[in-house]
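Q: Here is my input, please return the structure:
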Amino acid sequence: MFQIARPCLVLGVVLLGGRLLLSPAAAGAEPAPRERAWRERAQPLLVKYCHECHAGDTAEADVHLDRYATVEQVYQARPNWLRVREKVLNSEMPPDGASQLAEDERRQLGEAIESVLGAIDCATEARPGRVTIRRLNRIEYQNTVRDLCGIDYPPAADFPADDVGYGFDNIADVLSLPPILLERYLTAAEEITARMPAVGTAPDESAAAARELLARLATRAFRRPIGGDELERLTQLFAAAQAQTHSFDASARIVLQSLLVSPHFLFRIERDPQATEPARLLDDFELATRLSYFLWSTMPDDELFRLAEQGQLQREDVLTSQVARMLKSPRAQALVDNFAAQWLELRKFAEVQISRDSFPGFDEGLRHDMRRETLLFFEHVLREDRSILELLTADYSFLNERLARHYGIGGVQGEQFRLVSLAGSPRSGLVTQGSVLTVTSNPTRTSPVKRGKWLLENFLGEPLPPPPPNVPKLEDQSPEVSQGSLRQRLEQHRRDPACASCHRTMDALGFALENFDAVGAWRAKDGPWEIDAAGELPTGEKFAGAQELIRVLVDSRQRQFQRCVVEKLLTYALGRGLEYYDACAVDRILAVMTERDDRFSTLVQEIVRSEPFRKREAAR
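A: Model (predicted):
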């Protein structure tokens, strides 16, 4: 990953942040008006304000803005330029210390970028994309073994950790199969079958009964009907095992072991389209599998299998009712534990180190309660089909006595969590919950930088570059700087132009939460210094404290928040990063959500209805 060393860098980082793909339809069109708009209205401003740093052979951080000379080149990087446009219109680019665009220039550049980005015709040019053959991750493997074999045993407990991509551990491109994991699969298959009370205890132990049993096991394990050749090979394996063991059940266990280490069990395999078709609709079994692993992190249940066998799952009314059923199922807890916990970075929470000297009231019990609050809160929004905006604005949460006391909220007794009103308190939604505030802190103090970064990346969809090299941490700076308040120290820190562009927005967001200490408790002072929780965004919105920040986000960045949530959940649902053409699906989902009060069920239903979820594109 490159490092940034000068201002005017956020634009460049965004440009290099994604994979660049070309839309053949766009390449073949005649975009003369857009080419003129880009050449005459956008390029002069980019040359004037950014090319000094980012052009030619010596372009800083190897970011070459001069290489985006045509509409086609910009169009290829559509998701990245969407963020560029936001930064231009939000006055986040150019950064402090650099020459600034006049308001008419800023509007002109934003409109020119929009004229290019609007070039995609979603009616004819949208593409469903394709997902790499995807291995089951540890959680999916464990859940699938539970539901296939009917045993409560954690076979993946000693598996190596899954890699993470785009914030999630179910991304196909990073789920590799190292040799040690293959060895663990072989060992686990033996353990699983040994722990099962019975595999084949039917009274009828005839060859026909064996064939029926094997067909049923393989169909469920592979999550699709098996072919005649496959069934014949399994039958031969069963016969060979039975000839050695003379036991129907033991022979069935050996066959099941072979199923548990088959690529058709360990991987989610979808058939590619024919050579003559650019994309195809998933078949019912593939759709059932996508649904079940999206919402439940496990294999399809009997009802999904039945509908797939009947060819009914593609019907819109059936699909809608199945999604509603699945969201009401206890298994939908997987969406809380696996999507929400990763999106909100709660999986890092257990590893967060907090100084007991600095915060003697923080212990493992409180850590558990904080995590529990956030998961119960997200589950409530899901189960009660609330608006996703309540993730920002809710004036309630779920507390027990210990956590309520930590927050300074009275009237809550006992260990049991219950819904508690936050009216009159300084807390609202996820942003002010202890888990989020603690996971974005340092061991001995708060971190406005981490908190601002968390908000930008997880709520506003603006990923940030790594910090430039050779910039000292606050703890390593001179004694004169380290003796000031945290705000004073950070202001000194970001005087370096290499730091200023990112910190301009990031610090403003983070300082709005500064009244909450490193473990989420309310405070008026940081040591001897009064807390200053005021901030101002590059667009001019001012706020003081968390509640005013949330109001600003709702008033002026609501669409950005909604889009971020859609993109996060769609990424998780698909198991791949989003490409430029996925913007069509995102826009459609957002449009329907707006019509239906941003209900969580609408978000899920529209993702399932989308072409990226229901189709598979041919390799290019």
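Q: Please make it C-alpha for all contacts and neighbour counts, starting now.
A: Will do.
Q: Do I have it right that residue 614 meets residue 606?
A: No. Using CA atoms under 8 Å as the test, residue 614 is too far from residue 606 to be in contact (11.0 Å).
Q: so where's the stretch 101-250 of the chain shaky on pLDDT?
A: Applying pLDDT under 70 to the stretch 101-250 of the chain flags residues 118-119.
Q: in it, which spans are helices?
A: 103-117, 138-149, 179-195, 207-222, 228-245, 248-260 (DSSP state H, counting those that start in this stretch).
Q: could these be laid out in JSON lines, adding distance to residue 356 and mean neighbour count?
A: Converted to JSON lines, the helices of the stretch 101-250 of the chain look like this (distance: least, CA to CA, whole Å; neighbours: other CA atoms under 10 Å):
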{"stretch": "helix 103-117", "distance to residue 356": "49", "mean neighbour count": "18"}
{"stretch": "helix 138-149", "distance to residue 356": "33", "mean neighbour count": "20"}
{"stretch": "helix 179-195", "distance to residue 356": "38", "mean neighbour count": "16"}
{"stretch": "helix 207-222", "distance to residue 356": "48", "mean neighbour count": "18"}
{"stretch": "helix 228-245", "distance to residue 356": "59", "mean neighbour count": "15"}
{"stretch": "helix 248-260", "distance to residue 356": "46", "mean neighbour count": "22"}
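Q: residue contacts, residue 448?
A: Taking CA atoms under 8 Å, 6 or more residues apart in numbering, we find residue 448 in contact with 441, 506-507, 509-511, 513-514.
Q: Against residue 397, how distant is it?
A: Plainly put, residue 448 is 23 Å away from residue 397 if you go by CA to CA, to the nearest Å.
Q: same deal with residue 285?
A: When distance is defined by CA to CA, residue 285 is 39 Å away from residue 397.
Q: from the chain's centre, how far out does the lengthiest helix in the chain sit?
A: Taking DSSP state H as the assignment, the helix of the chain that covers the most residues is helix 364-383. Here helix 364-383 shows a centroid-to-chain-centroid distance of 18 Å under the convention CA atoms, centre = their mean, to the nearest Å.
Q: go on, stretch 285-305?
A: 20 Å.
Q: returning to what we had before: and the helices of the stretch 101-250 of the chain: which comes nearest residue 529?
A: In terms of CA to CA, the element of those nearest to residue 529 is helix 103-117, at 37.5 Å.
Q: That closest one packs against which elements?
A: With contacts defined as 3 or more CA pairs under 8 Å, 6 or more residues apart in numbering; DSSP states H and E, the packing partners of helix 103-117 are helix 32-37, helix 71-76, helix 78-89.
Q: could those be laid out in a markdown table, adding distance to residue 227, mean neighbour count and mean pLDDT?
A: A markdown table is the format used below for these (distance: least, CA to CA, whole Å; neighbours: other CA atoms under 10 Å; pLDDT from 0 to 100):
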| stretch | distance to residue 227 | mean neighbour count | mean pLDDT |
| --- | --- | --- | --- |
| helix 32-37 | 52 | 16 | 76 |
| helix 71-76 | 41 | 22 | 78 |
| helix 78-89 | 42 | 22 | 74 |
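Q: and of these, who's closest to residue 306?
A: When the helices and strands packed on helix 103-117 are ranked by proximity to residue 306, the top entry is helix 78-89, at 39.4 Å, counting by CA to CA.
Q: Tell me what angle that closest one forms with helix 103-117.
A: Relative orientation of helix 78-89 versus helix 103-117 (axes from the mean of the first three to the mean of the last three CA atoms, to 10 degrees): 170 degrees.
Q: how far is helix 78-89 from where the chain is centred?
A: 20 Å.
Q: And the longest helix of the chain, what does it pack against?
A: helix 316-328, helix 390-393, strand 396-399, helix 401-407, helix 434-439, helix 600-609.
Q: which one of the ones you listed has the most crowded surroundings?
A: Using mean count of other CA atoms under 10 Å, the stretch among those with the greatest mean number of neighbours is helix 434-439 (a mean of 26).
Q: Now the element after it, going C-ward?
A: Heading C-terminal from helix 434-439, the first helix or strand you meet, by DSSP states H and E, is helix 448-458.
Q: quick one: buried residues of that next one?
A: Neighbour-count burial for helix 448-458, with 16 or more other CA atoms under 10 Å as criterion, is recorded at 448-456, 458.
Q: Give me the distance between the spatially closest residue to residue 235 that is not a sequence neighbour and residue 161.
A: The spatial neighbour of residue 235 that comes closest, neighbours along the chain excluded (CA to CA, 6 or more residues apart in numbering), is residue 211 at 6.3 Å. Distance check for residue 211 against residue 161: by CA to CA, it reads 37 Å.
Q: do residue 260 as well
A: For residue 260 relative to residue 161 (CA to CA), the value is 19 Å.
Q: cool, residue 418 as well?
A: Plainly put, residue 418 is 34 Å away from residue 161 if you go by CA to CA.
Q: neighbour-wise, which of the two wins?
A: Between residue 418 and residue 161, counted using other CA atoms under 10 Å, residue 418 has the larger neighbour count: 16 against 12.
Q: my read: the more buried one touches residue 399, true?
A: Yes. Residue 418 is in contact with residue 399 according to CA under 8 Å; the separation is 5.7 Å.
Q: And the closest residue to residue 66 other than its chain neighbours, its phi and psi?
A: Counting by CA to CA, 6+ apart, the nearest residue to residue 66 once its immediate chain neighbours are dropped is residue 55, at 5.3 Å. The phi and psi torsions at residue 55 (degrees, to the nearest 10) take the values phi -150, psi 160.
Q: Residue 55: how many residues sit nearby?
A: By the measure other CA under 10 Å, the count of residues near residue 55 is 17.
Q: what sits against residue 376?
A: When contacts are counted by CA under 8 Å, 6+ apart, residue 376 touches residue 398.
Q: residues touching the residue nearest the centre of the chain, list them.
A: Centroid-nearest residue in the chain, with CA atoms, centre = their mean: residue 568, separated by 3.9 Å. By CA under 8 Å, 6+ apart, residue 568 lies in contact with residue 343.
Q: Correct me if wrong, but it is in a strand.
A: No. Counting by DSSP: H, G, I helix; E, B strand; the rest coil, one finds residue 568 to be helix, located in no strand.
Q: Numbering from 249 from now on, please.
A: Sure thing, new numbering starts at 249, so read that last one as residue 816.
Q: Quick one: classify residue 786 as helix, strand or coil.
A: coil.
Q: Can you say which of the helices and strands packed on helix 612-631 is nearest to residue 797?
A: Distance to residue 797, taken as CA to CA, is lowest for helix 638-641 among those, at 10.3 Å.
Q: chain center to that closest one: distance?
A: For helix 638-641 - counting by CA atoms, centre = their mean - the centre lies 18 Å from the chain centre.
Q: on contacts alone, who are the packing partners of that helix?
A: Helix 638-641 makes packing contacts with helix 612-631, helix 794-804 when contacts are defined by 3+ CA pairs under 8 Å, 6+ apart.
Q: Pull the longest one out as CSV, backbone CA atoms only.
A: Right, the one you point to is helix 612-631. Provided in CSV are the C-alpha atoms of helix 612-631 (Å, rounded to 0.1, in the frame of the first residue of the first chain):
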residue,chain,number,x,y,z
GLU,A,612,-14.4,-8.2,31.8
GLY,A,613,-18.0,-8.1,33.1
LEU,A,614,-18.4,-4.5,31.8
ARG,A,615,-16.8,-5.4,28.5
HIS,A,616,-19.3,-8.3,28.1
ASP,A,617,-22.2,-5.9,28.9
MET,A,618,-21.1,-3.3,26.4
ARG,A,619,-20.9,-5.9,23.6
ARG,A,620,-24.2,-7.4,24.7
GLU,A,621,-25.9,-3.9,24.5
THR,A,622,-24.8,-3.3,20.9
LEU,A,623,-25.9,-6.7,19.7
LEU,A,624,-29.2,-6.5,21.4
PHE,A,625,-29.8,-3.1,20.0
PHE,A,626,-29.0,-4.2,16.5
GLU,A,627,-31.1,-7.3,16.9
HIS,A,628,-34.0,-5.1,18.0
VAL,A,629,-33.8,-3.0,14.9
LEU,A,630,-33.8,-6.2,12.8
ARG,A,631,-36.5,-8.1,14.7
